[in-house]
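Q: okay, predicted coordinates and the sequence, questions at the end:
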Amino acid sequence: MWVQRMTRFLGRMIFYMLMGPLLIALVYTLANDLWTAALIILALGAIVLYNGLVRIHILENSVAVRDGKVAVFFPEKTVRNRFDFASRGQTVIQLPHFGLLDRRFKMEIFAPDTTGELNSCRLSLDLDYIMELTACQRAYDTYVLYQDQLPAAVRTHLFQSASRLGWPFPALGEDNGAEYLKPVVAELNRGLENFGLKIVDATCTFTTGRTLVRYVAAEQETAERVAAAGGTSREGAGGPT
């Protein structure tokens with residue numbers, strides 16, 4: 001995604017911005033026989049080179065990939081030797097975070113009851129990656145497929161799944177909400193497995209009435225129309241985030 005590409009670009013820029021002045025200072029001190037200053041600058045240059053070229057700072061939710069196959073998953077930040085990956089022909093790639101894990105997904109589910117009233121559940125979901133190698137492979141494959149549109153694809157999938165869900169709502173309000181959410185979360189998780197994702201936290205506000213106001217995003221309306229037409233579309237998944 002563009003945020004991650006910009007982060008890598010800034011990291012390289014900082015490295016070159018440090019190395020340039022150090023090289024100039026080293027040449028100047030050597031030319032003027034300033035041996036003590038030259039040794040200090042040489043030591044600083046070695047530290048910058050080591051941290052910029054030898055050591056690699058791996059961000060959370062990153063994978064080591066070779067020929068499109070995920071070999072290792074890094075759930076947390078770590079520092080490793082760059083040669084360990086280069087010698088195996090592996091590339092370290094951070095899976096998307098922005099738009100997926102840094103915000104809650106919100107959607108609505110409606111269902112009529114036997115008394116003629118309408119029940120609504122306004123869901124709020126937190127997602128995270130499944131920490132299994134096969135799931136990380138699916139997460140990487142969908143990242144390669146959708147690139148910057150991955151958050152929109154996940155959001156559209158959730159909206160499509162929510163538009164097909166309907167279940168008996170709790171009669172006693174939110175006290176029993178957690179029990180009624182379990183089958184919904186399980187159903188949504190079944191689809192999220194294709195993205196290598198899972199729901200780690202779900203909350204729902206239950207409302208009942210003869211008429212209810214919907215607070216859905218434009219993406220949910222589009223996804224519901226696609227689902228009603230009997231399928232999914234890449235175009236629907238590629239909408240605005």
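A: Ah, there it is.

Q: correct me, but Ala135 touches Asn194?
A: No - at 9.8 Å, Ala135 and Asn194 do not qualify as touching, with contact defined as Cβ atoms under 8 Å. The C-beta positions use only the backbone N, C-alpha and C, and glycine is treated the same way.

Q: flag the shaky bits of this structure, pLDDT-wise.
A: Residue ranges of the chain with pLDDT under 70: 1-5, 7-8, 166-177, 211-241.

Q: which parts of it belong to which domain?
A: Under the assignment automatic domain parsing, the domains of the chain span 2-94, 105-237.

Q: what about Arg103, which SS state?
A: Put simply, Arg103 is coil when judged by DSSP: H, G, I helix; E, B strand; the rest coil.

Q: Gln137 contacts Gly196, correct?
A: Yes - using Cβ under 8 Å, Gln137 is in contact with Gly196, at 7.4 Å.

Q: and stretch 75-85, what's buried?
A: Phe85 (16 or more other Cβ atoms under 10 Å).

Q: what lies in contact with that stretch?
A: The contact list for stretch 75-85 (Cβ atoms under 8 Å, 6 or more residues apart in numbering) reads 53-61, 64, 91-92, 129, 131.

Q: ok, the residue nearest to the spatial centre of the chain to Leu150 distance?
A: Of all residues in the chain, the one closest to the mean position by Cα atoms, centre = their mean is His97, 3.0 Å from it. Separation of His97 from Leu150 (Cβ to Cβ, to the nearest Å): 11 Å.

Q: what's the following helix or strand after whichever strand or helix holds Phe9?
A: Here Phe9 sits within helix 2-31, counting by DSSP states H and E. Following helix 2-31 in sequence order, the next helix or strand is helix 35-49 (DSSP H and E).

Q: Ala31 - how many residues pack around it?
A: By the criterion of other Cβ atoms under 10 Å, Ala31 has 9 neighbours.

Q: swap in the one 10 residues further on?
A: Ile41 has 21 neighbours, counted by other Cβ under 10 Å.

Q: dump the residue contacts of it.
A: Residues near Ile41 by Cβ under 8 Å, 6+ apart: 22, 25-26, 29.

Q: report the distance from stretch 15-28 to the chain centre.
A: Relative to the chain's own centre, stretch 15-28 is displaced by 37 Å; criterion: Cα atoms, centre = their mean, to the nearest Å.

Q: residues of it that come out buried?
A: For stretch 15-28, by 16+ other Cβ under 10 Å, it's 18, 22, 25-26.

Q: same list (the residues you listed) but as JSON lines, adding distance to Thr115.
A: As requested, those are exported to JSON lines (distance: Cβ to Cβ, whole Å):
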{"residue": "Leu18", "distance to Thr115": "70"}
{"residue": "Leu22", "distance to Thr115": "76"}
{"residue": "Ala25", "distance to Thr115": "81"}
{"residue": "Leu26", "distance to Thr115": "82"}
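
Q: where along the chain do the helices fall?
A: Counting by DSSP state H, the segments of the chain that form helices are 2-31, 35-49, 82-86, 133-146, 150-164, 177-192, 218-228, 234-237.

Q: out of the ones you listed, which comes closest to Phe74?
A: Closest of those to Phe74 is helix 133-146, at 9.7 Å (criterion: Cβ to Cβ).

Q: what's that closest one in contact with?
A: Against helix 133-146 from outside (Cβ under 8 Å, 6+ apart): 63, 65, 68-70, 73, 93, 95-96, 129-130, 150, 152-153, 193-197, 237-238.

Q: just the buried residues from those, in ChimeraX please.
A: Here is the ChimeraX command that selects the buried residues among the contacts of helix 133-146 (16+ other Cβ under 10 Å):
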select :63,65,70,73,93,95,96,129,130,150,152,153,195,196,197,237,238
